[in-house]
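J.: Any chance you can model this:
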Amino acid sequence: MSNQTGAALGALAFPAIGPVGVVAVRQIVTALVLAPIVRPKFRGLGKAQWWPLLGLMLVFSVMNLSLYAAIDRIGIGLAVTLEFLGPLTVAIASSRRMLDIACAVLAGVGVVVLTDPGSGSGNSDLSGMGLALLAAAAWGCYILLNRTLGQRLPGLQGTAAASLLSAAAWTPIAAFWFAVHVPTAGALALAAVCGLMSSIVPYATDLLALRRVPTPLFGTFTSINPVWAALTGWLVLHQALRLNEWVGIGLIVVSNVVASARGWAVFADRPQDSAGPAQERPCREGHGRKTRTVPPAERSGGGTPFASAPADGAGSGADGRGGRRGGG
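T.: Prediction:
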């Protein structure tokens, strides 16, 4: 709920500073909070670490800007629902199981019902839907890049470093944007709260939750985020949805839940030591090899890309399985 509420509060600032202004403030605020806590280290990084770092920095910007621009055009409920097709695609792309193929078909049906293309009353904002699908693609890339970065840098170093780089890139953009679009104090405050609620709060609560609940269960809970987004849009932004839109959201949520819940089979087959002490996993850093602590929640893994979904990003999960938008 914190993630969706933060996005809705950010949307309230759109009339004054637009999606670009909200994203700029959010990127900077997230880095200002996260970087001092994690203290990312850039010295000694090689090519193997820099390319996923720069890729993650780019993904942060594309993901958040396209999502917020989509929210501005088609509303938060539809935008977040379409964006969830990104991690769902990652979840089933490498699978040949009939159940996962059925999930993909069900999600496709949900999109058709959601947009209702054959009806004059359907959502005809193709630009808004395209932006939401771009955010979905960026979210999928975020998951894959975080997996790579999680194997090459210890802990949350990768996410914090990418957040800092992203904030540095957005600072001159913010300076230019706010020189042209003079912000109000209220709009800046809303954007700052958006950064805290959509990045920092989910990051902290996700890490706490992953230490206490099995990863597949966490992924299942995360899968119902589109419903929270729709409810938040209705309560905060007064964005009412039609019946077909609720049905479409429901179909996509069900496909997400089924795709993430498949991890229960893997979880059930693992030794019952997942609540035990953390283990050490080798991790490449610079030119040497170091180890990083692997928390029990990470070891209980279930294969779902929603597993450590740090909504809007401040968290990668230690191994990058995490789904939700990093750094800002």
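J.: which SSE is the nearest residue to Gly110 once chain neighbours are set aside in?
T.: Counting by C-beta to C-beta, 6 or more residues apart in numbering, the nearest residue to Gly110 once its immediate chain neighbours are dropped is Leu251, at 3.2 Å. Where C-beta positions appear, they are placed from N, C-alpha and C, glycine not excepted. Secondary structure assigned from DSSP states H and E places Leu251 in helix 243-261.
J.: What's the mean pLDDT across that helix?
T.: For helix 243-261, the mean pLDDT works out to 84.
J.: next one: stretch 6-13
T.: Throughout stretch 6-13, pLDDT has a mean value of 94.
J.: residues in contact with that stretch?
T.: Residues from elsewhere that reach stretch 6-13, judged by C-beta atoms under 8 Å, 6 or more residues apart in numbering: 21-22, 26, 67-68, 71-72, 76, 80, 186-188, 190-191, 193-199, 201, 229, 232-233, 236-237, 312.
J.: mind checking the end-to-end distance for stretch 178-197?
T.: End-to-end distance of stretch 178-197 (C-alpha to C-alpha, to the nearest Å): 22 Å.
J.: Low-confidence bits of this protein, can you list those?
T.: The chain contains residues with pLDDT under 70 at 94, 117-124, 207, 210, 213-220, 261-328.
J.: in it, which spans are strands?
T.: 279-285, 288-294 (DSSP state E).
J.: Could I get the contacting residues of Ser255?
T.: 88, 103-104, 106-107, 110.
J.: give me every residue that touches the closest residue to Trp139 other than its chain neighbours.
T.: Of all residues not flanking Trp139 in the chain, Gly86 sits nearest, at 3.6 Å (C-beta to C-beta, 6+ apart). Contacts for Gly86 were tallied using C-beta under 8 Å, 6+ apart; they are 135-140, 143.
J.: From those, which land in helices?
T.: Mapping the contacts of Gly86 onto helices (DSSP state H) picks out 135-140, 143.
J.: on that earlier part again, out of the contacts of stretch 6-13, which are inside helices?
T.: 21-22, 26, 67-68, 71-72, 76, 80, 186-188, 190-191, 193-195, 201, 229, 232-233, 236.
J.: what's the closest non-adjacent residue to Thr171?
T.: Closest to Thr171 by C-beta to C-beta, 6+ apart is Ile28, at 6.5 Å.
J.: Understood, closing this out.
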